[in-house]
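In: Here's my sequence, what's the structure:
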Amino acid sequence: MRRTNALAATAALGLLTAPAFAADNGIYLGASVGQSGVSFEDSIAGEDFELDVDSTGYKAILGWRFLDWLAVEANYVDLGSGDDRVAGTKIETDVDGFTLSAVGFLPVGPVDLFARVGAIDWNADVTAPEFNLESSDDGTDLTYGVGLQFRVWSLGVRAEYEQFDISDADTVDMVSLGVTWTFL
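Out: The predicted structure follows:
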């Protein structure tokens, strides 16, 4: 019985020291995959239509956490390709871009709560194959998001929600799960 209590106490103390093993600062690389969405409502020639496309998206992550509570992060984000029917016509979308964000962290033991704000330089392609119509657009707009990550040594596992304020779209967002590795 005493041995079991001693082992439990030792394990509890070990868990309390886990944050000391986490690599808080440094350059990190990572990747995420998740569900992305693009939606907008518009009116053309008095006809209202709505487009709502969900797809699998991913991103490649490069960051530098230079303070315990602050990092700069650059990402390549591919929101995937998807399609929806609008007034019986198949419409396909493909959106990707590069982001640069400031990321603020609130460390709570081995877990970090974080929020980001930055900009996305995006490219969007919209096609209506039935009518042989293609349209492309690009721009730079605001991006922001929230998430949490669990860190052990240099490995981080994160869950995140991001919103991309892309012009002419009502909602462009992504929910993702990912991993990062911090280099000391």
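
In: Please make it C-alpha for all contacts and neighbour counts, starting now.
Out: Fine.

In: how about the helix or strand where G82 lies: buried residues?
Out: Here G82, judged by DSSP states H and E, is contained in strand 70-86. Using 16 or more other CA atoms under 10 Å as the test for burial, strand 70-86 gives 70-84.

In: Setting aside sequence neighbours, what's the nearest residue to G156?
Out: If the residues on either side of it in the chain are set aside, G156 comes closest to T180, at 4.9 Å by CA to CA, 6 or more residues apart in numbering.

In: And for P107?
Out: Closest to P107 by CA to CA, 6+ apart is L113, at 6.4 Å.

In: And for A71?
Out: Spatial nearest neighbour of A71, chain neighbours left out: R65 (4.0 Å); criterion: CA to CA, 6+ apart.

In: The one you found contacts G26, correct?
Out: Yes - between R65 and G26 there is a contact at 5.2 Å, judged by CA atoms under 8 Å.

In: what's the neighbour count on T171?
Out: When neighbours are defined as other CA atoms under 10 Å, T171 has 17 of them.

In: er, T93 actually
Out: Using other CA under 10 Å, T93 is surrounded by 23 other residues.

In: so who does the residue nearest to A71 touch?
Out: Residues near R65 by CA atoms under 8 Å, 6 or more residues apart in numbering: D24, N25, G26, I27, Y28, A71, V72.

In: so the fourth one is in which element?
Out: Pointing back at I27 there. strand 26-44.

In: List the neighbouring strands of that strand plus their orientation.
Out: If you go by DSSP bridges, strand 26-44 pairs up with strand 47-67 (antiparallel), strand 171-183 (antiparallel).

In: Identify all contacting residues around the shortest one.
Out: I take that to be strand 171-183. Strand 171-183 has contacts (CA under 8 Å, 6+ apart) with 23-40, 57-58, 61, 79, 154-166.

In: likewise stretch 40-52?
Out: By CA under 8 Å, 6+ apart, the list of residues contacting stretch 40-52 from outside reads G37, V38, S39, D84, R85, V86, A87, D168, A169, D170, T171.
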